[in-house]
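**Q** Need a 3D model of the following:
(chains A and B)
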Amino acid sequence: MTSASLTLKTFGIPMQRRAARRRLVVVTYIVLAAICCFTAWFARTYTWSYGFALYAAVAVGIFVFGGQGRFGLIKAFPNKQPRPEPPIVDLVRLHLAPESIPAADSAGLKNDERELSRRDRAHYLAFQPLSVVWFLALLLAAWALHPPSWLPLNAILSLLFVLALVASILTITLPAAIILWNEPDMESPTFSEGARS
Amino acid sequence: MSNTDPTLHNRIAVLRTERRLSRQQLAEALDVNYQTIGFLERGDYNPSLTLALQLSAFFHLPVEAIFSLTPFRPLSELVYSNDAAQEQRSKLA
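**A** As a prediction, the model looks like this:
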């Protein structure tokens, strides 16, 4: 799953078991929902505060679920090569030793073919509920242009804001959450049961 | 692997054990995650042609000796049936 698969932990809790990862996903979304509610309420006075929910979602993507960087439980989705060692520059001649950036361990960061197919499938699965959310947002936006008599404009705009916030958070976090939810229990790398026949 | 793919049977687990390799060692040799080896061995993931050929090169065996669309006969059965056939032939001779 990640470069640190052998010691897969979040907040000190082992995450090799699928049940543990599912608990993590549920707890994380409960926290994000709470932040969303707080933000939606707070944004009525301070519009900029919706950024808190987005920051929280990005932090989850980077540090908890993974997929957005080197941290977290899942390898980075972009699957880019790690930054190479910087070239020796003329600073060496001036006896100013440049600080070398250690080359990243590409083997632990690159997704293999199964992980890439799993990543792509997770994005496909995440696309389904997200498209529903965006269609609902479009419906609300259409109503906002010509508000029906039974729904005040303020309520429509508030709903639209909440829906857009939820969609943004899901866009950032859902693919990684789907992978964590679906990936079976992890085995030991030296496990060899069933190899004899 | 798509769920519509036909089941691909393989002998990776047997071959790995014969060579006394852990999943981690085989995974490092093939530059894949060790979990992927587990998925392959259980038949939960069908490898790409590239990975299949890498496995073939690693084990020095033809691809069809490692993968098959029909279940493999157990090696013990293959070995003993050959022995039995040879014995019969030697008796006849």
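**Q** Quickly note the distance from A:Ile156 to A:Trp150.
**A** 11 Å (CB to CB, to the nearest Å). For glycine as for every other residue, the C-beta is placed from the backbone atoms N, C-alpha and C.
**Q** These two: who's more crowded?
**A** Neighbour count, other CB atoms under 10 Å in any protein chain shown: between A:Ile156 and A:Trp150, A:Ile156 has more, with 19 against 5.
**Q** For the chain, which element, helix or strand, carries the lowest mean pLDDT?
**A** Reading this off chain A. The weakest-scoring helix or strand in chain A, judged by mean pLDDT, DSSP states H and E, is helix A:106-109 (a mean of 63).
**Q** Oops, wrong one, chain B.
**A** Going by mean pLDDT, DSSP H and E, chain B bottoms out at helix B:75-92, a mean of 74.
**Q** Pull the distance from that helix to the chain's centre.
**A** 22 Å (CA atoms, centre = their mean, to the nearest Å).
**Q** just checking, what packs against the helix or strand harbouring A:Val166?
**A** Counting by DSSP states H and E, the element that carries A:Val166 is helix A:153-182. In terms of contacts (3 or more CB pairs under 8 Å, 6 or more residues apart in numbering or on different chains; DSSP states H and E), helix A:153-182 is packed against helix A:18-42, helix A:50-59, helix A:113-145.
**Q** possible to save the ones you listed as CSV with mean neighbour count, mean pLDDT and distance to chain B?
**A** Output for those, formatted as CSV (neighbours: other CB atoms under 10 Å in any protein chain shown; pLDDT from 0 to 100; distance: least, CB to the nearest CB, whole Å):
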stretch, mean neighbour count, mean pLDDT, distance to chain B
helix A:18-42, 16, 92, 12
helix A:50-59, 17, 91, 26
helix A:113-145, 15, 94, 4
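**Q** Output those in a markdown table, with distance to B:His9 appended to each entry.
**A** Listed next are these as a markdown table, based on distance: least, CB to CB, whole Å:
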| stretch | distance to B:His9 |
| --- | --- |
| helix A:18-42 | 26 |
| helix A:50-59 | 43 |
| helix A:113-145 | 18 |
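**Q** Tell me which of the ones you listed sits nearest to A:Val162.
**A** helix A:18-42 (5.1 Å; CB to CB).
**Q** what packs against that closest one?
**A** Helix A:18-42 packs on strand A:13-14, helix A:50-59, helix A:153-182, going by 3+ CB pairs under 8 Å, 6+ apart.
**Q** can you list contacts of the second one?
**A** Contacts of helix A:50-59 with the rest of the structure, by CB atoms under 8 Å, 6 or more residues apart in numbering or on different chains, involve A:31-32, A:35-36, A:38-40, A:42-43, A:68, A:161, A:165, A:168-169, A:172-173.
**Q** Give me the angle between that helix and helix A:18-42.
**A** 170 degrees (axes from the mean of the first three to the mean of the last three CA atoms, to 10 degrees).
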